[in-house]
Structures are given as C-alpha cells and as structure tokens.
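# sequence-free structure coming up:
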C-alpha cells in the first residue's frame, strides 16, 4: 500500500517541487505544463478518501483512455476549501476546472440567479439522467432546475448494532419497529449494562436533522423558506433531549474521540450512511463481525423509512476552459460501471449509477457486518428514501441551527420553541 | 552569636530558595508538558491516544505515524516549501526592517512622526479586511499560485520596524558622525556600523519572521492552489478530515515542524531574548 | 540600476552630482531607507484597505464571470452595513464581548503571573534559569496551528490530559471545548501557556534595568522590600507594562487561528469562542457578505486604535 501510493507521478511532482524550491518557484504551473495537445484539468477536493479514489481511477482507468488529459487533484482541508474557492471566484482567476462540492457547501455561491460560478450539467448528462438515482445523484446539487454537481453515492441512513452485546443481554434489536419501541425495549437494558444505545451530535445539526427529516420534517421548502417552526421539530428536540438526559443517547465525541467511544463499546448502536461504514471499518477494525445492520425504526405515523445523509458531487466551474474534458472525467468517475464500482471498493460508496446495482460485487457479503449484504440493504432503503431540499441558504441556516437550536436545547435544556424562533430570526436577519 | 544568627537567616533563605527553585521547575514543567505530549503522541497508535487511562508515555511505541506522514502525504515537499519561503522572507524582511528602523531612529525627515504612527497603526488593521482586494491584486500581478504572493506582500512587518527602531536608537550618534568625517557614505554607515551593532535585534526579527511564515495560514491557503506548493501550515490541515483525523500524523508533523525553530532558538537564545526585550524596556 | 544611471550622469558633469549627493545624502537617505516599506505598504496595504473601505458600503450580489473580467456584482448600501453592525447585530456584540473577556483574562491574570515569573528569574541564586528561559519562550515560537492541535488533545473531555490531571486531584471532568461556561477559561489557559513566559521575559529585562543604587538608597532610607518594589521597581517597569498590555490587547482582539482550529472551524458551543475576526471571516466567507465583513474590519480597527490610544493616555498620566 505505502509503496504503491508513492507513485511515479508523485515522485515527479516531488522532484519538480524540489527544483522549484531551489529557486524557480515563481513559475505558475500552467507555464511549465502547456504543450500542444496536452490538457490538464484540475479538481479541488477536501476528502482524503475521495482523493485516493480519484488517484486510483486516474492510474487504473483514465490514463489508458485519455493519455493526453492530465488530471491534477488537489486536496484542501474541508473548512478551508470554500474560502479558497470564493477568493478564486471573486477574482475570476486561479479557478479550478472541477470542484468536489460537499452537499452542505453547495448553496452559498449560487444564491443569485445568472451569476452562478458553476456550469449547469443538464445537457452533459442528457439521457443518462435515466441511469441515475436522482435523490442522491443530482437533486442536492440542483438549483433553479440547473444541475451543478453529480454525486456518486446513494446515502440512505441505516442502523448498525453490536449483536454480540445485545445477544449477551438477551435482547433482540431486530424486533422494535418504531423508535419508541426501540428505545423502550432496549434502552433500559443497555443502561443497566452501563452503555448508551446511540451517540448523537450535540454540537451540530446533523443528528437532529436525521431524525427530524425521517419523521417527515425538512429545513427548507422548494421556495427556500425555512420549515422548522413546526410542532414536529419541537417534538423531535424534546425526544432527543429526553433520551440524552436518561442516558439512552449519549453525546458524540469530537474528532477521534468518537471512534474511541465506539471501540470502547460506550454505545452499542449507531446510525450512518454507507460511507460511514467505510470509516467504521477503518477506525474500528477490531469490531469486525460484531456488527449487524438493519433498517431504521420508523416514527409512529408518517415519515420515511430512511433519509439520505451527506454526499459530495463533482461539479464544473463556469470559468473552466476545458469543460468537455472535465465532463468526461466526471462521467468516467460517476456514470460508468468501472468508476462507480471503484468508489464502492475504495470507500464503500454505493453507486448512484443504477445500471450497476445488480453487479455481483455490490451484493457481496461483508465480514465486517457479520456476513450480511450491505448492498441489498442500501438498495432497498434507497427506494424508500426521503429527498433533501438543499437551499442556497443551507449553510447559513444550519449554522444557526447548530448554535441557536441544537446546542442550547441539548446542552442547556433551553426551550425548543423559543430556540427555533431565535434561529429563524437570526437567519432572516442575515439572509 | 553572630555566626548563629547568620546561620538562621541562611536557613530561611535556603528554604526560600528551594521554594523558588521548585516554582521555577514547576513552571518549566507546565511549559514543557504539552511539547512532551505532542512528541509522545506522535509515537503512539491512533487508538491508544484516545484510550483510558490517559498517560503521557506511550504504552507501545510506534513509528507508524511517521511512516504515514512520509508515505501518504507530501510532507517533505511542504517542509521544503516552508523553509524556502520562510528563508527568503526572513532575509529580505530583516534587511528592509533594519533600513526603515534606521530611517526612523537616526534621521530627520518630513512626516516622520506621521509615518511612524502609520507603521504602528498597521498593526491594528486585521489582515482579513484586505484579504479579498489583496487577492485581486495578486491576480492582476499574475502571482496566484506562486510564491511571490506569499513572500512579497508581507515583506516589511510593522512590528519588526518598531523593534529595529528601538534598537538602532541605542547606536551612538558620535560613532556615526566620526564615520561621516572619515568620509563614509550613509549606506556605508548602515552596513558597517549600524548592522554590526544591532545583531541581536536582527536575530529577533529573523526568528519572528521565520515563525510568522510558519504560522501563516489564511493567506497561503488562498493564494497557493497546487497542493505540491502548500506550506506546512496548510498541509497539516489536509490530515484533518471530517470523519478521520490523523491526529498521530498531525502530531508527528507538528513535532518535526517545530524542531527547526526550537533549534534556532536554543542556538541563539541570549541574542534573541536580549534583542526582543530591549525595545520594550525603553518604550 | 540607479547606480549605473548615476555614474553615467557623473561622467557628463563631473563633480556636480557627487557634490550634490554628499551635501544632501543625509536628507535623501531616510526616504531611500523607507522606500521598500513605503512602496510595499502603499501597494499591499493602503490600496487593498482603500478597496475594502469602498466595499464596506456595498453588498455583494454574485459573481461576474471571468470572461467579463471577473469580480463581483455590487449594490450600494450607504452606511447600512455600519449601522446594522453597530446597532442590530447580536453576534458582533457577542464577538466583541468575547474579545474583551479574553483581553481581560490576558491582562489581569497574565500580567501578574508574568511579573511573578520575572521576579523569580531575577532573584539571585535561583537555578535553572537557562532551562526556564527556553521553556518559557518555546510556546511563543510554536506555530499557532501546532498549539491548537496539541490543546485539542489536552482539552478533550474524556481522553484529555487536563481532565486526567483534574481527576487525580479528585475533580470531575470538564467539557473544556464543549461546555460553553468552560470555553473561555480553556482559551485563557491556552493563552497563559503561550504568552506568560514570553511576557515575563520583558518584565525580566525591565527588572534588570532598575538601577541597583536607587533601590539601595531607598533601603537605607528605611523602605521595606514591598515599598521599594512599589515605589521604585514598578515605576521603572512602566514601559514594559505599556508594551505588554498593548500587544496583549491587540493580540486578544485579533485572535483567530487557535479558536478557529480548536472548535473545528466553528465558533464553539453557542458562540462562546466567537471572536471578532472569526465573525468577520464567517460573514465574508461563509455567508458571502464581503461588504459587511469589510465594514466589520474597519469598526474593529477603530476600536483597537481607540483602546490603544486610551492605554497610552493612561500611562502618560501615570508618568506624571
């Protein structure tokens, strides 16, 4: 693994940078590389695992087909990518050809119609839209009918539980059909054993949104109006707070601490999208064979079987001078069997490209999940999954949700209704 | 009698001294522990760092984080980039700050007070305010994704000028006048009299500039696009993903990146501290 | 370049230029010495600051495509940005209060500690001075990014070193980074670790500058240690106080990197770690309100200048 990663490309890059560092540092990349037919398309991303996937894809698939098109992948820390991108967009200079657009960071640059810095991909996708699972592949990156990004992953939230521990306690985690049953039937047993059922984020909107969304709520309607001032939101907040107080839910650790808690068995079940399975394997390898997955319990009346969580779409910038080449790269990554299956192999991402859904590979058993077939679960859940209405004001609003709703309610026991109102007031003030 | 009395004060003096020595040692320890923790953390398995009980020493030493750092990231390149930019910034920055400091300390010119006030006022202008216009300027200069953008705009630091002025003021005027009578040019005076006399201050400005480059985060992030051109400050961040923080590798990178500055400091300790504090005493 | 031009000229009128130069070089030289600074300052600070000032009266409405020259669509706002910031924006107020709290912590806790450390280091016969100097200065020259990462580990509620120590002392675990009441103390602790040693070096240098004979004279006049300290040592430290307080205040209001990284690019639980520059950054770069962020920057500059001026005034009064 190690040796493979230090590929020749990296070595050349290293050597040329060493050369650059010795005094020729001022030359911009473009001046060195520009050659007759050769084209370099650049992509800015933020996720190590996606970066690795694309590197592999370039080496294993791309270079054979498009030897003249170099792909320059550059990795920036998540929170820092957006300011960097913004500066480039404002200046109209130094803009990459492609961007890995995380679902939550989609909105902020596309608020004003007519000045979007991303290129609409509708025509590029064309007929192939039929091959895509819309809620995961294009919906989150669609604003005013324009598709600005293609996501390669179907992200239904599933539930994973430690069957070893449940068995030991003589409890059946498959039986409860609703959240209420799940918590009532299993909560006290877990607590008696000094364990919580679930970890939830008490600093951020993510887990509030998962449960609120599953119950039928949504942050925005189609006209970008906030939809949170509802009894449902209050109910969910009260529910989560009650579980947190009783110890059925516990506070999620930050950073690596969350994995430590998982490894310690501080909580014995967790919900997460398929990409989360990849991180579980990586950060809790010793728990292999101890997990079982199942579908989420339902909320009593209404709501959805599951909701999507996260996702990253590849987009092309309006400024790109190599839109065709960039689109070709995005197509190979997301709209081909090779590209999407490679993502499954590398990152556990279940393809949003439907033609591969019955690929044998996707339906393989997984030892980490005690020989279950994650693909089956994901495909089944995907068919009954809610959609996300990502608004251009998403980032702004979820930031208010973090600070003015989730943190005060979960940590200080603030009144949910008043908290919601404050978040909306601030949001409207800043909108 | 006299003897005994003296012995008595010596005893309480000794206890006092012991107490003071202990306090100093505790202070040293408090300062040092985070560094020690950083170093030991870099030799731990990821899981061990987040496990109970919390210990300072690793239960099992491993070089895994360093393997990861050198194998999976462009750490060596970032390191080279950082030393390269920090080096150039330091050399030029020190020289220009000394020039400006000499102008303020040893010459009269119109608007001197106003100019000096401007220098100090610059310290209070948050960099974030000029970030976007400065970036636009970089675009017009064609400096985006080049080290020009990292090196040139901040080349003359206000605090450095302030320090140099304080220090150069102490250079005796008689010495400079004598040199003038001997026919030395003003440049000659600067290079042969002022510079040698203010070496400690040069050392301070050098290390501060060096550290600042190491610290610089937002600006290089925005102007450097190719990740092979990153400086350490940005590179380290790429190991921090939303769901997998490579904290061990980050600690290893932190340790290795702190090392050169600490070594420079140890080597030039006296000079640096004397140079740094000189300015403040005179106010 | 200019040298060769000069020699060329000199060969035309031998003596004239060189005598002009030798007569006037003392007048001209300061401008030459200042020129690198002035040129860089005008181009890279004054011009962008001017542009930013212009921007502070605008609202940014989307991008102009690169084919049309790039840039942003602007909408003139008049004084609206300033008015909104000063009268309506609660978060800006929170950020200023946090900055002030941190500054107060810096000045009120850090200064006495730093002075105490300096007194220790100045006492005769105390050992480990070289080691102590190294240890006290090291945090200051460590990158803020590195510091933030180390303290992420130290402050962790469950696995952090600090809570492990508190546990040994029989105290409960504290959510240094998750509980809003402990966030400011945590930041002040981080600040103390970073800056106490550094500031003590200034006091130490100041103490070594107090004339021994003055103290001796006071002692002969019958003044006790405390009186000598209060009436002779402290007044001599005046410039150090000025320096340490002013740099401390400017530093407090410019705090960015450490909290930004400690709180995962956020503002801490319920904005408990929201500092002015962070808010400026969030507004300009997450909410795309660049004009508003610019206005904030200028308000901040004025505030810092005012505080600094006030300090200088107070200390001038003290001198008398």
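Great, that's in hand. If you're wondering where the values come from, they're calculated on a predicted model, not measured in any experiment.

# pLDDT weak spots in the chain?
No chain was given, so I picked chain A. Of all residues in chain A, those with pLDDT under 70 make up the ranges A:1-36.

# The chain in question should be chain B.
B:1-12, B:242-243, B:277-283.

# from the stretch 101-250 of chain B, which residue is nearest to chain A?
Residue nearest to chain A within the stretch 101-250 of chain B (Cβ to the nearest Cβ): residue B:237, separated by 3.5 Å. C-beta: built from backbone N, CA, C; applies to glycine.

# Spit out the contact partners of that residue.
With contacts defined as Cβ atoms under 8 Å, 6 or more residues apart in numbering or on different chains, residue B:237 is in contact with A:76-77, A:80, C:145.

# For stretch B:130-145, buried residues please.
Residues B:130-139, B:143-145 are the ones in stretch B:130-145 that count as buried (16 or more other Cβ atoms under 10 Å in any protein chain shown).

# tell me which of the contacts of residue B:237 is nearest to chain B?
Ranked by distance to chain B (Cβ to the nearest Cβ), the contacts of residue B:237 are led by residue A:77 at 3.5 Å.

# sec struct for the residue of the stretch 51-200 of chain C found nearest chain A, please.
Distances between the stretch 51-200 of chain C and chain A by Cβ to the nearest Cβ are smallest at residue C:70, namely 1.9 Å. Here residue C:70 takes the coil state, with states given by DSSP: H, G, I helix; E, B strand; the rest coil.

# Show the contacting residues for the residue nearest to it when sequence neighbours are not counted.
Excluding the flanking residues, the one nearest residue C:70 by Cβ to Cβ, 6 or more residues apart in numbering or on different chains is residue A:92, at 1.9 Å. In this structure, residue A:92 makes contact with A:319, B:139, C:63-66, C:69-71, judged by Cβ under 8 Å, 6+ apart.

# CSV for these, including distance to residue A:204?
Formatted as CSV, the entries for these read as follows, by distance: Cβ to Cβ, whole Å:
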residue, distance to residue A:204
A:319, 32
B:139, 35
C:63, 29
C:64, 34
C:65, 34
C:66, 35
C:69, 39
C:70, 34
C:71, 34
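
# Tell me the backbone dihedrals of residue A:72, please.
Residue A:72 adopts backbone torsions of phi -110, psi 100, taken as degrees, to the nearest 10.

# Beta-bridge partners for it, please?
When bridges are assigned using DSSP bridges, the partners listed for residue A:72 are residue A:42.

# Distance check, residue C:247 against residue C:240.
The span separating residue C:247 from residue C:240 equals 11 Å under the rule Cβ to Cβ, to the nearest Å.

# typo on my end, residue B:23
From residue B:23 over to residue C:240 the distance is 21 Å, taken as Cβ to Cβ.

# Show me which of those two is the more surrounded one.
Summary of the neighbour comparison: residue B:23 and residue C:240, criterion other Cβ atoms under 10 Å in any protein chain shown, with residue C:240 having more neighbours (26 against 14).

# so which strand or helix has the more buried one?
Secondary structure assignment for residue C:240, by DSSP states H and E: helix C:238-253.

# centroid residue for chain B?
With the centre of chain B defined as its mean C-alpha position, the nearest residue by Cα atoms, centre = their mean is residue B:211, 2.7 Å away.

# ok so, going back, what packs against the helix holding residue C:240?
The elements that helix C:238-253 packs onto, with contact taken as 3 or more Cβ pairs under 8 Å, 6 or more residues apart in numbering or on different chains; DSSP states H and E, are helix B:269-282, helix C:90-105, helix C:111-122, helix C:180-208, helix C:290-319.

# possible to save these as TSV with mean neighbour count and distance to residue A:376?
What follows is these, written out as TSV (neighbours: other Cβ atoms under 10 Å in any protein chain shown; distance: least, Cβ to Cβ, whole Å):
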stretch	mean neighbour count	distance to residue A:376
helix B:269-282	20	66
helix C:90-105	19	47
helix C:111-122	20	63
helix C:180-208	22	44
helix C:290-319	18	49
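
# What strand or helix carries residue C:278?
Assigned by DSSP H and E, residue C:278 belongs to helix C:276-285.

# got it, and residue A:101?
Assigned by DSSP H and E, residue A:101 falls within strand A:98-102.

# Counting by contacts, list what that strand packs against.
By contact count (3+ Cβ pairs under 8 Å, 6+ apart), the secondary structure elements abutting strand A:98-102 are strand A:39-45, strand A:312-316, helix A:323-334.

# Which of these sits closest to residue C:98?
strand A:39-45 (32.3 Å; Cβ to Cβ).

# Other residues contacting the helix or strand residue A:182 falls within?
Assigned by DSSP H and E, residue A:182 falls within helix A:179-192. With contacts defined as Cβ under 8 Å, 6+ apart, helix A:179-192 is touched by A:166, A:169, A:171, A:173, A:175-176, A:196-197, A:211, A:239, A:243, A:246-248, A:268, A:297-300.

# Just the buried residues from those residues, in PyMOL please.
PyMOL command restricting the contacts of helix A:179-192 to the buried ones, with burial defined by 16+ other Cβ under 10 Å:
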select buried, chain A and resi 166+169+171+173+176+196+197+211+239+243+248+268+297+298+299
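
# picking up where we left off before, which of the residues in the strand or helix carrying the residue nearest to the centre of chain B are buried?
Assigned by DSSP H and E, residue B:211 falls within helix B:199-215. Of the residues in helix B:199-215, B:200-215 count as buried by neighbour count, 16+ other Cβ under 10 Å.

# and those, which two are the farthest apart?
With distances taken as Cβ to Cβ, the most widely separated pair in the buried residues of helix B:199-215 is B:200 and B:215, at 22.3 Å.

# re earlier: point out the most buried one among the helices and strands packed on strand A:98-102.
Between the helices and strands packed on strand A:98-102, strand A:312-316 has the highest mean count of neighbours, a mean of 27, where neighbours are mean count of other Cβ atoms under 10 Å in any protein chain shown.

# Indicate each strand paired with it and its parallel or antiparallel sense.
Sheet neighbours of strand A:312-316, with direction, are listed as strand A:98-102 (antiparallel), strand A:150-151 (antiparallel) (DSSP bridges).

# Figure out which of those strands is closest to residue B:172.
Proximity to residue B:172 (Cβ to Cβ) singles out strand A:98-102 among these, at 60.8 Å.

# Identify all contacting residues around stretch B:130-149.
Under the contact criterion Cβ under 8 Å, 6+ apart, stretch B:130-149 has outside partners A:25-29, A:87-88, A:90-94, B:81, B:84-85, B:88, B:152-153, B:218-219, B:222-226, B:229, C:43-45, C:47-52, C:55, C:70-71, C:284, C:290.

# Where does the prediction get shaky in chain C?
For chain C, counting by pLDDT under 70, the residues that fall below are C:1-17, C:318-320.

# Point to the residue nearest the middle of it.
Nearest to the centroid of the C-alpha atoms of chain C, with distances taken as Cα atoms, centre = their mean, sits residue C:251, at 2.2 Å.

# which residues sit in contact with that residue?
Listed by Cβ under 8 Å, 6+ apart, the contact partners of residue C:251 are C:106, C:195.

# can you narrow the contacts of residue B:237 to ones near chain B?
Applying Cβ under 8 Å from any Cβ of the partner chain, the subset of the contacts of residue B:237 adjacent to chain B comprises A:76-77, A:80, C:145.
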